[in-house]
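Engineer: My questions are about this predicted structure, shown below with the sequence.
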Amino acid sequence: MKVLQIPVGQMANFTYIIADDEETDEAAVIDPSWDLDKVFDALKKNGWTAKYVINTHSHFDHVLGNEQVAKVTGAKIVQHKASMLERDIEVEDGDTIKVGSSISLRVVHTPGHSKDSMCLVLDGKLVFTGDTLFVGNCGRTDLPGSDPAEMYDSLFGKVAKLDESLVMYPGHDYGQKPTSTIGHEKKFNYVLSPRTKQEFLEFMGSGD
């Protein structure tokens, strides 16, 4: 298995390619936006075939490249069922997305930043957290479709309960380093400091 973390655009976004490079050379492109030439070059250079385009959520800076990548590669677009955008395949909490023979990504629905936000977990190895959790921070909850109460439930009820050894790949390069682990974030990310929901809402600026 191979994971490529590709910096793209002017908003410090990450696009990812995860590939079953030892068996089938099938790949998934996660959150394609700007600089699609980097994606196409990586696929061609490695001899990978994109089976899916997967969006961690439907904000424009994570989906700009969907149609072009799908058109060029034949990949199917996968989004959470709460997304309002066009897609080929919809998924929900607990579903799995299989790429090749060695990759099985488990969908964890994590609303808060957006209604359709989801994390993608490859048990025992890694998690793509999109804009739910960054290195040292979390996604905004003051945007249309955002909900700080849902973010609390997602962070503390789901993300913080993941295997602490999982390597975390965020949707943006907003931290001191491009990757982390769930365990490290639980220790050092201030948004994951233990709080009641009311304390979290006040912390996020939305308490009464």
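Structural biologist: Arrived safely. Numbers count the residues shown, from 1 in each chain.
Engineer: If you count neighbours, what's buried in the helix or strand hosting residue 38?
Structural biologist: In this structure, residue 38 sits in helix 36-46 according to DSSP states H and E. Using 16 or more other CB atoms under 10 Å as the test for burial, helix 36-46 gives 36, 38-40, 42-43. C-beta: built from backbone N, CA, C; applies to glycine.
Engineer: which residues of this protein fall in strands?
Structural biologist: 2-8, 13-19, 26-30, 49-54, 76-80, 89-91, 96-99, 103-109, 118-122, 126-130, 133-134, 137-138, 167-170, 180-181 (DSSP state E).
Engineer: Would you mind confirming that residue 94 is in contact with residue 121?
Structural biologist: No - counting by CB atoms under 8 Å, residue 94 sits too far from residue 121 to count as a contact (10.7 Å).
Engineer: And those two? Which one has more around it.
Structural biologist: Between residue 94 and residue 121, residue 121 has the larger neighbour count (other CB atoms under 10 Å), namely 23 against 9.
Engineer: is residue 76 in a bridge, and if so with what?
Structural biologist: residue 52 (DSSP bridges).
Engineer: Could you check the pLDDT of it?
Structural biologist: Note on residue 76: pLDDT of 98.
Engineer: which residues does it contact?
Structural biologist: 51-53, 70, 88-89 (CB atoms under 8 Å, 6 or more residues apart in numbering).
Engineer: ok, back up a step: need the residues touching each of residue 94 and residue 121.
Structural biologist: Going by CB under 8 Å, 6+ apart, residues that sit against residue 94 and also against residue 121 are residue 106.
Engineer: where does this structure dip in pLDDT?
Structural biologist: In the predicted model, the chain carries pLDDT under 70 at residues 206-208.
Engineer: Residue 81 touches residue 93, doesn't it?
Structural biologist: No - applying CB under 8 Å, one finds residue 81 not in contact with residue 93, separated by 9.5 Å.
Engineer: residues contacting the residue positioned nearest the centre of the chain?
Structural biologist: For the chain, the residue nearest the mean C-alpha position is residue 130 (2.9 Å; CA atoms, centre = their mean). Residues near residue 130 by CB under 8 Å, 6+ apart: 31, 56-57, 62, 110, 113, 117-119, 139, 170-171.
Engineer: could you redo the last one with a cut-off of 6 Å?
Structural biologist: Contacts for residue 130 (CB atoms under 6 Å, 6 or more residues apart in numbering) come out as 56-57, 117, 171.
Engineer: State the pair within the residues you listed that is farthest apart.
Structural biologist: For the contacts of residue 130, the farthest-apart pair by CB to CB is 117 and 171; their separation is 9.4 Å.
Engineer: Now stretch 160-169: buried residues?
Structural biologist: For stretch 160-169, using 16+ other CB under 10 Å, the buried residues are 160, 162, 166, 168-169.
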